[in-house]
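# Below are the sequence and a predicted model; questions follow.
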Amino acid sequence: MTEVLSPLTVDDAIALLVEHDEAMPLAGGATLIAMRNASLVEPSHLVSLDRIAELRGIDRTADGTIRIGAMTRHCDTAACAELTGSLHVLRRAAGMIANRVVRNMGTMGGAVANADPAADYLPALACCDATLEIAGPEGRRSLSIHDYVDDWYETALGEGEIITAIMLPAPVEAPSAYRKIARVSGDYATASCAMALDPDGQGLRVAIGACGPGPLRDRAGEDALRGKLHDPAALAEFAGRLVALADPVDDVRGSAEYRLRLIPRLVASVLSELAPQKETA
Amino acid sequence: MKIEGEFEVEAPRSEVWDRIRDPQVMGACIPGCEAVEQVDDMAYRANISVKVGPIKARFNLLVEVLEERPEHTILSRTSGEEGTRASVVTSDNVVRLCDTDSGGTRVDYAADVSVTGRLGKFGLGIFRKKADQLAAQFVENFRARLGVTA
């Protein structure tokens, strides 16, 4: 039997998680309740974060930074008009998660905490250079999304820690997009690609999902590609660097080899959407 | 699910064989293994705990040596279940030892593992990654046990 607790503050939630060894935080429950029903997890207590006001809402701060409360549902992220330009990629990713029922239920904090390598937010957040706000028994801290995933389903979140918000740098005017290859619409990704162009159109940021424990990002490779987005050899070299970083699984969604082959195609296809090559005269 | 690999240790084959045939040594080297109990010369029991993200499992295993060619090959079968839960794991294992040119030993291993029950619902792809990590940790522990660095 699992007891559900509903604290009203972050501090109370953390105290409950510390007090009960086998407790787990419950965000939207889209994944966790299904896992519990399948007996994959057997928490003694579920500490529901649903009534904590601090975890709600999407706000723009004075310096333009966007703060997404951890309990923000996928449907709200998918409809958020603040996520423009370089942050549009996150809106697109939110809108492609599973199906409407899951998007009405699941939250960004919950999805990020679960860190499923084939889920949609992590590559989009890695592309946006997001920062996670984390609260725990030792206090509050901020952590770059690039330092977050440690291993398959293992993250930097410690015992009793929860994600309180996801911080995004102020959006700039530059196109961004998210695309995933999936067996059917709404499935977890076989491979996915989040991409944003630089405002001058000369460079890009790319994160690949579902091809390793966490999203793949090669910032040195991105620097080397600047100014050469339409140079096929440079682009092939960049995609090759991402393939070299990948460590995909063989599973029902695709073999590891297939996933490696998807990476260059995804990069080329999303780039052609964001920066169509001009006809040469 | 097939799990295969090989590693080398800078120790003579007879020494490596003795350690591999000693359940207490193996138990101390296998990550998450505890309470190793020798049933007879050809079988032992052990508990193994494995964790993948939020999913924790603890198996009670019986390891039976089906056939052995001393200092060369062991065929074994591992079977077990997860307490009162419905997950069942079975694994057919082959371990082969051979000499290396430098006087050490190369260990080749292969296991055909099947997992059914609640854990079978979780992706086997992740189990394979986890198995590779556990194997790497085992090799490190085993080398430390033999007092060699490679």
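Sure thing, it's come through.

# From now on I want contacts and neighbour counts done on CA atoms only, so please keep to that.
Noted.

# quick one, strands of the chain?
The chain I'm using is chain A. A:3-5, A:23-26, A:45-48, A:58-60, A:66-69, A:131-136, A:139-144, A:149-151, A:154-155, A:162-168, A:176-181, A:191-197, A:204-209 (DSSP state E).

# Oops, wrong one, chain B.
B:2-9, B:33-40, B:43-52, B:55-69, B:73-81, B:88-99, B:105-116.

# Run through the stretch 151-281 of chain A and note the low-pLDDT ranges.
For the stretch 151-281 of chain A, the stretches with pLDDT under 70 are A:278-281.

# beta partners for B:I48?
B:C33, B:F59 (DSSP bridges).

# Give the burial count for it, as a bare number.
20 (other CA atoms under 10 Å in any protein chain shown).

# For chain A, see how far away it is.
B:I48 is 17 Å from chain A, where distance means CA to the nearest CA, to the nearest Å.

# the longest helix in chain B is where?
The longest helix of chain B (DSSP state H) is helix B:124-146.

# which residues are in contact with that one?
Applying CA atoms under 8 Å, 6 or more residues apart in numbering or on different chains, the contact partners of helix B:124-146 are A:152, A:249-251, B:1, B:3, B:7, B:9, B:11, B:16, B:25-26, B:29-31, B:52, B:149-150.

# Could you figure out how far it is turned away from strand B:2-9?
Relative orientation of helix B:124-146 and strand B:2-9, computed by axes from the mean of the first three to the mean of the last three CA atoms, to 10 degrees: 20 degrees.

# and helix B:124-146 with strand B:43-52, angle?
Computed by the same axes, to 10 degrees, the angle between helix B:124-146 and strand B:43-52 is 120 degrees.

# Specify the angle between helix B:124-146 and strand B:105-116 in degrees.
140 degrees.

# quick one: average confidence on helix B:124-146?
Averaged across helix B:124-146, the pLDDT comes to 88.

# buried ones in that helix?
Across helix B:124-146, burial judged by 16 or more other CA atoms under 10 Å in any protein chain shown covers B:124-130, B:134-136, B:138-143, B:146.

# cool, and stretch B:68-85?
Under 16+ other CA under 10 Å, the buried positions of stretch B:68-85 are B:E68, B:E71, B:T73, B:I74, B:L75, B:S76, B:R77, B:T78, B:S79, B:G80, B:E81, B:E82.

# Check stretch A:28-38 too.
Those would be A:G28, A:G29, A:A30, A:T31, A:L32, A:I33, A:M35, for stretch A:28-38 by 16+ other CA under 10 Å.

# what's the answer for stretch A:267-281, then?
A:V267, A:A268, A:V270, A:L271, A:L274, A:A275.

# so who does the last one touch?
Put plainly, it is A:A275. Counted by CA under 8 Å, 6+ apart, A:A275 has contacts A:G201.

# burial measure for the closest residue to chain B within the stretch 101-250 of chain A, as a count.
Residue of the stretch 101-250 of chain A nearest chain B, by CA to the nearest CA: A:Y153 (4.5 Å). Close neighbours of A:Y153, defined as other CA under 10 Å, add up to 19.
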